[in-house]
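Peer 1: the following block contains a protein sequence and its predicted model.
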Amino acid sequence: MGGKFMQSKSFNLKKFDDVLNQMIVPNLQQAPLWDVDNRPMTKDRWETTVRCKKSLLDGDLDAVMTSEYPRAEIKKVWIESYKLGLRPSDKTHDPEEDMLRNENLMPFAQIVFPTIHDLGDFNKIPIFMNIHDRQGTFFFQKTESGIESYFVQEFLFSNEPREIRKSGLTSHLLCKRSMCPAVLLGPEHYLESDLNINSASAPIFDVSGNLDAIITLAYRETGIPWEKDTAEKVSTILTQVLLLAHRIQTSIRPPAERDIPVGREEIPCPDLINDPPIIVVDPAGTIIGINPAGRRFFPTLPTDGQAGNIRRYLPANSKLLPLIQTQAQTIITEVICSPPATGLYSVQIRPFEAAGRSCSILLFSNAKESGQATAPGKCSPAADCFNSLIGESHAFRNAIDQAVCFANSNGNILLTGESGTGKELFAKAIHNCQDKKGPFVAINCAAIPRELISSELFGYASGSFTGGDRKGRKGKIEMADGGTLFLDEIGDMPYELQAVLLRVLQDKQVTRIGDHVSHQIEFNLITATNRNLKDLMESGQFRPDLFYRISMFPINIPPLRDRKGDIKLLVSYFMNSCGQNNPESLSISNEALQILEEYDWPGNVRQLENVILYMMTIAKSRNCKVLLPEHIPNIVIQSSPPSLAPGEAPDTEKADAYGTIHHVEKVMLEKMLKEFNHDIPLVAEILGVSKSTVYRKIKRYNLA
Ligand SMILES: Nc1ncnc2c1ncn2[C@@H]1O[C@H](COP(=O)(O)OP(=O)(O)OP(=O)(O)O)[C@@H](O)[C@H]1O
């Protein structure tokens, strides 16, 4: 197209300036949102637009100015592009080259992938997504084989002429100038290579209302551009881009990430907050991502955009380097030589795949910026809070180490593990060592009736409910102010409520039902589930944006069958704790212990605890001071649950099916009621639970 028009005519650039100065471009910031964008692409509009661009290349600015199409702000950027020397036929960049150049940089993609995954495609026509922010441009392309992504430093926010010189008019540029959503159709793009592209961009604002980033969705139209189908596709991308911008603005990007300074290696890790220090390294130790706390932690890192290397901060016999080379996932202690913070630190290593390339996220903890670190060989005070968690196996210690590490941050922690593995205990331990003034408030999302869950969480204003407290009531979220909110069974939270919860997590504000006033709150969030949230996301039952928000710091607690070495320790722990009111000491025979060690414990530690209590009660009632095989409930002796395939995790239903938690409880209670002649206060006392709990269980198991 344009190439053949731009012959060797010499243009009077002054004329261009004059025209530019006279041009009246509508103030889109005051215009209704759709005013400028909702005109369909007609054949006439297409052809007039093409003719207008030809007039520009011919130097006929009068014709440009009087042409009905395109609209004024488009013409303006065309003229600017031309003035800056860009011609529509220019090829400005090669996507493949960009892709290669940036293949290692994609921590950011982890957050955006689920977003682009959500997008449909138009009968296999790929949709592209760009996010322009202060770091540059993140480009994602959804193809049939997956998602490709790369990063281009385009300086959109700092150097607009350079951007125009490179790409001419694009919808993101229009969006940036107008601070409004913008649609650009076919020949309205300046470059010939974009002739069939339809694109829509939407702005993302930071908390202070400043333009923070721009998201663009685009596709290449293969059909006739003015057919109805095209208008529908354009309207789809526009709607989607607005939704995505809203989602990113309100949920994906916490405010702290917005301040990540520009620098080639400072690629943000948006799912990680900026405290503690975090860096992303490739297997050779090159630092390809860093957060502000990391920047402070390594003050001598080059700031001129050159990549630093972690080697520089490690001792000659570093344990860390081989681990990042081999993509290990572990926690180690390592001396970090980074004055003034030189000292021994706990380093959590998380392997990570980015654009097909391996790298590792390193998270440093127990590191005070004053330079003090935990003394070698000594437990940190945080670790002391975890004393109530019994277990020495490697898998379990690993989970504790992670919890100690994460407790030092204020990020959201997600605990996963089967029922009874100790998720709530972990949550309490984390809270206790966080030195919080506020309370630990726990909610079991599965246990509250669906219709009550929002009032439980958010509270209600006075007069909102008949039968409700007249003065209104605080919800659990408000109660957790200054402390920790523990949402157990988060996978069972109703879908509609997930969006509301997300907003609360983002804004840290809660509005009681029926109220107009919102309350500012500050709490740490710990969530737990024994369900597979990724499966729930795939089946549309769990919101990906909520998942990414709550799972900054994931900890998986291993099932008891994977740490059988801990059974002996736990048995003696429970024998001690359950027997505290009993001065006569009990022991356990080797045979009984062996049976317990061989069992698979589908109900995990909770089931073991119940079984020990049961055995002690039976032994006591028979005046026996040693726990013997005959004291073990039949369910453990007889039931041999089918072994699980590797990687298969029993869920609660399965556990129940094999008569575990509930079955053990039922059998135990039945026996005890029989043994103690239905003396409920006595049974309650022996079990260490309230009488009402015993009554409830009797009703539940039909034992009356
Ligand atoms: N490592 C442990 N050391 C000591 N006690 C433990 C440990 N793990 C679990 N327990 C005990 O097992 C019981 C169940 O623990 P908890 O309620 O924390 O499990 P959970 O994973 O949250 O279960 P659910 O998913 O069913 O809510 C509790 O009585 C807890 O004290």
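Peer 2: Great, that's in hand.

Peer 1: the nearest residue to R473 once chain neighbours are set aside and F486, how far apart?
Peer 2: Nearest residue to R473, sequence neighbours excluded (CB to CB, 6 or more residues apart in numbering): G459, at 5.0 Å. For every residue, glycine as well, the C-beta is placed using N, CA and C. Separation of G459 from F486 (CB to CB, to the nearest Å) stands at 17 Å.

Peer 1: okay, these two: which has more neighbours?
Peer 2: F486 (28 against 25; other CB atoms under 10 Å).

Peer 1: the more buried one against N524, yeah?
Peer 2: No - F486 is not in contact with N524 according to CB atoms under 8 Å; the separation is 9.2 Å.

Peer 1: mutual contacts of these two, please.
Peer 2: H431 (CB atoms under 8 Å, 6 or more residues apart in numbering).

Peer 1: and the residue of the protein nearest the ligand?
Peer 2: Of all residues in the chain, the one sitting closest to the ligand is G422 (2.6 Å; CB to the nearest ligand atom).

Peer 1: residue contacts, the closest residue to I521 other than its chain neighbours?
Peer 2: Excluding the flanking residues, the one nearest I521 by CB to CB, 6+ apart is D481, at 4.5 Å. D481 sits next to G438, H519, I521, E522, F523 when contact means CB under 8 Å, 6+ apart.

Peer 1: which two among those are spaced furthest apart?
Peer 2: Of all pairs drawn from these, the one with the longest distance (CB to CB) is G438 and H519, at 13.5 Å.

Peer 1: where exactly do the strands run in the stretch 601-704 of the chain?
Peer 2: Using DSSP state E, counting those that start in this stretch, the strands of the stretch 601-704 of the chain run over 626-627.

Peer 1: which stretches of it have low pLDDT?
Peer 2: For the stretch 601-704 of the chain, applying pLDDT under 70 flags the ranges 638-664, 685-690.

Peer 1: what parts of it come near the ligand?
Peer 2: V605, R606, E609 (CB under 6 Å from any ligand atom).

Peer 1: if you rank those residues by neighbours, which is first?
Peer 2: Busiest of those [other CB under 10 Å] is V605, holding 25 neighbours.

Peer 1: state the phi and psi torsions of the residue of the chain closest to the ligand.
Peer 2: Note on G422: backbone dihedrals following degrees, to the nearest 10 are phi 110, psi 30.

Peer 1: which residues touch it?
Peer 2: G422 neighbours (CB under 8 Å, 6+ apart): L389, I557, N604, V605.

Peer 1: with distance to A218 added, can I get those in TSV?
Peer 2: Output for the contacts of G422, formatted as TSV (distance: CB to CB, whole Å):
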residue	distance to A218
L389	51
I557	44
N604	50
V605	53
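
Peer 1: which strand or helix spans L485?
Peer 2: strand 484-488 (DSSP states H and E).

Peer 1: what residues does the protein have near the ligand?
Peer 2: Counting by CB under 6 Å from any ligand atom, the chain sits next to the ligand at 389-391, 417, 419-425, 488, 528, 530, 605-606, 609.

Peer 1: can you show me the helices along the stretch 351-500 of the chain?
Peer 2: 381-384, 394-407, 423-432, 450-458, 476-479, 495-507 (DSSP state H, counting those that start in this stretch).

Peer 1: neighbours of N309, how many?
Peer 2: 14.

Peer 1: to clarify, my last question referred to Q327.
Peer 2: Q327: 15 neighbours (other CB under 10 Å).

Peer 1: ditto for G603
Peer 2: With other CB under 10 Å as criterion, G603 counts 30.

Peer 1: got phi/psi on it?
Peer 2: The phi/psi pair for G603 (degrees, to the nearest 10) is phi -90, psi 10.

Peer 1: neighbours around the closest residue to A213 other than its chain neighbours, how many?
Peer 2: Leaving aside its sequence neighbours, A213 sits nearest to D133 (CB to CB, 6+ apart; 3.6 Å). D133: 23 surrounding residues under other CB under 10 Å.

Peer 1: may I have the beta-bridge partners of D133?
Peer 2: G136, A213 (DSSP bridges).

Peer 1: could you report the pLDDT at it?
Peer 2: Looking at D133, its pLDDT stands at 73.

Peer 1: quick check, it in contact with L211.
Peer 2: No - in this structure D133 lies outside contact range of L211 using CB under 8 Å: 9.7 Å.

Peer 1: now for the two: what residues contact both?
Peer 2: I204.

Peer 1: and the residue nearest to I521, how far from K428?
Peer 2: 18 Å.

Peer 1: what about P161, which SS state?
Peer 2: Following DSSP: H, G, I helix; E, B strand; the rest coil, P161 is assigned to helix.

Peer 1: the nearest residue to it once chain neighbours are set aside: neighbouring residues, count only.
Peer 2: What sits nearest to P161 in space, not counting adjacent residues and going by CB to CB, 6+ apart, is L84, at 5.9 Å. Using other CB under 10 Å, L84 has 14 neighbouring residues.

Peer 1: please tell me how far L84 sits from V77.
Peer 2: To V77, L84 is 10 Å away according to CB to CB.

Peer 1: got it, and N623?
Peer 2: Distance from N623 to V77, by CB to CB: 93 Å.

Peer 1: quick one, which of these two is more surrounded?
Peer 2: For N623 versus V77, the count of surrounding residues by other CB under 10 Å is larger for V77: 22 against 7.
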